[in-house]
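Q: build me a model:
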Amino acid sequence: MKSYDDYFEKEQQERKKAKPQAEEEINALLIGERKQNALDFVSYIKCLRMTPQWTSANSWAVSYKGKRVCYIKLVIRQEANEWYIRPAVQYDEALRVFCREKHLEDIMLENVHFCVGCGKCKPGTTVTFFDKELKHVCSSLIDFEFHNPNEKALECAKKLVEYRRAEIARKAQ
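A: Below is the predicted model:
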């Protein structure tokens, strides 16, 4: 008899081959508020005429005019599955000003992507975001991740999607 882990691994391999839509996987892997928030976010993305595109296991990229806007990722955990949004923004003066104008600094600081030792940047770097010095920040090009976002974090992520989309449109002119 196959163990649960064997069955689960086989099911994941089949999902990878199928390259499922984000909503299919969200419905299959998340429950409750996490599921509803993730579905709402995908719906929001689609309202902006963008579509999450499969990139890898339980991960979708959202692009506008061929440029990355954000990533949506589902994470399978034994205790409870999770999801997160990784906006394709990098901290610079323009983002700092935008976040100050929209009063997003605190929520952004709560969602900094700290190094967890998974890559070359271990143990991370020291950076300054919104006039706060932070240690052990992942030195990847993506600085912020919204894990299982609540309403406030979800609204912030949406504003960052709008910011990035507008930035892409502005550069395309």
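
Q: mind listing what's buried along the lengthiest helix in the chain?
A: Counting by DSSP state H, the longest helix found in the chain is helix 151-172. Neighbour-count burial for helix 151-172, with 16 or more other Cβ atoms under 10 Å as criterion, is recorded at 153-154, 156-161, 163-165, 167-168. For the C-beta atoms, the positions are set from N, CA and C on the backbone; glycine is no exception.

Q: name the helices or strands packed onto that helix?
A: Helix 151-172 is packed against helix 32-47, strand 59-64, strand 67-75, strand 82-87, helix 93-101, helix 105-109, strand 146-147, with contacts defined by 3 or more Cβ pairs under 8 Å, 6 or more residues apart in numbering; DSSP states H and E.

Q: least confident of these, on average?
A: By mean pLDDT, the lowest-scoring of the helices and strands packed on helix 151-172 turns out to be helix 105-109, with a mean of 86.

Q: what is that helix packed up against?
A: helix 151-172.

Q: so what's the gap between the helix it packs on and the chain middle?
A: Centroid separation for helix 151-172 versus its chain: 12 Å, with Cα atoms, centre = their mean, to the nearest Å.

Q: I figured residue 50 was touching residue 62, is that so?
A: Yes. Judged on Cβ atoms under 8 Å, residue 50 makes contact with residue 62 at a distance of 5.2 Å.

Q: in the protein, which residue is most central in space?
A: Nearest residue to the geometric centre of the chain (Cα atoms, centre = their mean): residue 85, 1.8 Å.
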